[in-house]
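> I'll drop the sequence and a predicted model, then ask my questions.
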Amino acid sequence: MWQGTAMSCLHSSDSSPVSGGAALSVAVVGAGLAGCECALRLARAGIAVTLFEQKPARLSPAHTSPLLAELVCSNSFRSDDPNSGIGLLKRELRDLGSDLMAVADATRVPAGKALAVDRDAFAAGVTAKIEAAPEITLVRREVASLDAPELAGFARVVVAAGPLASEGLSASLAEATGSGHLYFYDAIAPIVAADSIDMTVAFPGSRYGEAGQGDYLNCPMNEEEYRAFYTALLEGERVRGRDFEQERHFEGCMPVEALAERGERTLAFGPLKPVGFIDPRTGRRPCALLQLRPETVNRTMYNLVGCQTKLTYAAQAAVFRRVPGLERAEFVRFGSMHRNTYVNAPAVLNPDLSLVARPHVHLAGQITGVEGYVESLACGLWVGMLLSAALLGRTLAPPPPETALGALLGHLATPTKRFQPSNAHFGLMPEPEARVKKRDRKAAYADRARKAFAAWAGGGLPEMLP
């Protein structure tokens, strides 16, 4: 459990805050999905909120509208299937009374099993909610630093600036967290479910180690298989980058398809080099070899090493299933490469998502290391709930790790060698105690999550709900 101090003014300055600096007041920087959800939840608790938004005076390279909660990448909130990780998260958000989920449901458009919305109607609906809330003061002004005079006197500050935080605010965060804990470019390789890997082809082993021993799984390719994979990689459809994302690629995080363009043998001498391995099926060194690294301690998921990519999701599935052993791979997360400002959450954030270096400053949304619109607003909702409890002198137990929200928050608190953003998915949750058949796995995770959520929500949470 976490409990804050209600009447402590933790930040002071000679300049007067816009809100007047009441003890029960919070500044929220950024009126995207996380910032708006957080502000609306605080307002429900009767807490005065000053919501800072730099639009329209200053637009990020991705934004074009003065409306709040502008969707810039896609109009889809992804699957609404309650037996999927993201569908389960949306169900939990609805149960928690999420304001933005209510707007999304009211502005949805036909999209099969997905929740898709009319983007303009959604942003207009959220903006109207913010402007109608008497506890919220919307200030159209850029906040360029954690030490900006606008933030003086607030009991808490929430930074929900999103993945395209301004240079000034990013520099201020880097100073507070240490520059090595703030990332500006996101290179993510796909992750596949362990039980979808063909273990008659993939074999455990480390380079130059004994066959059958080592932390990695290895998918060997002969000459013909490598050529087929290489050709498919070059021909795969790619996500078109926006102008502001067409930055230099650092050599250590080049898209695998960009490396392939340098020549047919580049991958075989780079991330797919077979040196130090013998294929147990042939007794010979393969032409190329794709390594899979465990993503979790229990080895339920594996990361495709060196395969960060800008291929579309459909192309990724088609291309990487050409690798021997991955013909039936189930993708837990697809790869991506894009501009994304986020912190090394396990190293720099407290359990209440406040900065270790500045406990009165909380982060919310994608800047914490969650990935996606729904995950971002979920993070904003949780910070709003936590601060509401803290400022009213109450305690609030975190959601269990078996729930979608609890698992997502757990990701932000789990130390790892190379922290990367994550969507909501079942792989973040603890494994079931009893063995579950693959066809029943998603339903089992979802059923357990719903029971855990109900027990948590019924144990003192109702006073925090509408």
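That came through, no problem. Numbering: from 1, shown residues only.
> Contacts only, for Lys404.
Let me fix one detail, which is that residue 404 is Ala and not Lys. Contacts for Ala404 (C-beta atoms under 8 Å, 6 or more residues apart in numbering) come out as 85-86, 88-89, 91-92, 424, 429, 449. In this view, the C-beta of every residue, glycine as well, is placed from N, C-alpha and C.
> Leaving out chain neighbours, which residue sits closest to Gly380?
Closest residue to Gly380 apart from its sequence neighbours, by C-beta to C-beta, 6 or more residues apart in numbering: Ala34 at 3.2 Å.
> so is that neighbour in a helix, a strand, or just coil?
Here Ala34 takes the helix state, with states given by DSSP: H, G, I helix; E, B strand; the rest coil.
> give me the number of residues near it?
35 (other C-beta atoms under 10 Å).
> which stretches of the stretch 51-200 of the chain form helices?
85-95, 99-106, 119-132, 167-177 (DSSP state H, counting those that start in this stretch).
> Over to the stretch 201-350 of the chain?
So, for the stretch 201-350 of the chain - with DSSP H, counting those that start in this stretch - the helices run 223-235, 256-260, 313-320, 345-348.
> what's next to the third one, contact-wise?
Read that as helix 313-320. Identification of contacts with helix 313-320 by C-beta under 8 Å, 6+ apart yields 190, 192, 229, 232-233, 236-238, 304, 307, 309, 311, 326, 329, 331, 334-335.
> Which among the residues you listed count as buried?
190, 192, 229, 232-233, 236, 304, 307, 309, 311, 326, 329, 331, 334-335 (16 or more other C-beta atoms under 10 Å).
> among the residues you listed, which are in strands?
Residues of the buried ones among the contacts of helix 313-320 located in strands (DSSP state E): 192, 304, 331.
> Return the closest of those residues with respect to Gly112.
Comparing those against Gly112 with C-beta to C-beta picks out Phe331 as the nearest, at 18.9 Å.
> Go through stretch 357-370 and flag the buried ones.
For stretch 357-370, the neighbour count (16+ other C-beta under 10 Å) marks 358, 360-370 as buried.
> Is it correct that Tyr202 is in contact with Met221?
Let me fix one detail, which is that residue 202 is Ala and not Tyr. No: if you go by C-beta atoms under 8 Å, Ala202 and Met221 don't touch, sitting 11.4 Å apart.
> Those two: who's more crowded?
Ranked by neighbour count (other C-beta under 10 Å), Ala202 and Met221 place Met221 first, with 25 against 22.
> which neighbours do Ala202 and Met221 share?
Residues touching both Ala202 and Met221 by C-beta under 8 Å, 6+ apart: Pro324.
> just checking, what packs against the host helix or strand of His362?
Under the criterion of DSSP states H and E, His362 resides in strand 361-363. Here strand 361-363 touches strand 156-159, helix 373-391, going by 3 or more C-beta pairs under 8 Å, 6 or more residues apart in numbering; DSSP states H and E.
> rerun at 6 Å
strand 156-159 (3 or more C-beta pairs under 6 Å, 6 or more residues apart in numbering; DSSP states H and E).
> For the strand it packs on, the averaged confidence score.
Strand 156-159 comes out with an average pLDDT of 98.
> Off-centre distance for that strand?
Relative to the chain's own centre, strand 156-159 is displaced by 19 Å; criterion: C-alpha atoms, centre = their mean, to the nearest Å.
> Can you list the strands that that strand pairs with?
Sheet pairing of strand 156-159 (DSSP bridges) gives strand 25-29 (parallel), strand 361-363 (parallel).
> So what touches it?
With contacts defined as C-beta atoms under 6 Å, 6 or more residues apart in numbering, strand 156-159 is touched by 26-29, 38, 151, 360-364, 383, 387.
> Then stretch 263-277?
Under C-beta under 6 Å, 6+ apart, the answer for stretch 263-277 is 207-208, 259-260, 285-286, 288-290, 306.
> and those, which are buried?
For these, buried by 16+ other C-beta under 10 Å: 259-260, 286, 288-290, 306.
> Pull the number of nearby residues for Gly153.
22.
> ok, now which ones touch Val103?
Val103 touches 122, 125-126, counting by C-beta under 6 Å, 6+ apart.
> which one of those residues is nearest Pro400?
Using C-beta to C-beta, Val126 is the member of the contacts of Val103 that lies nearest Pro400, at 29.1 Å.
> And that closest one, how far from Gly380?
Separation of Val126 from Gly380 (C-beta to C-beta, to the nearest Å): 12 Å.
> Also Phe419?
20 Å.
> can you check Val139 too?
Using C-beta to C-beta, Val139 is found at 18 Å from Gly380.
> With that, I have no additional questions.
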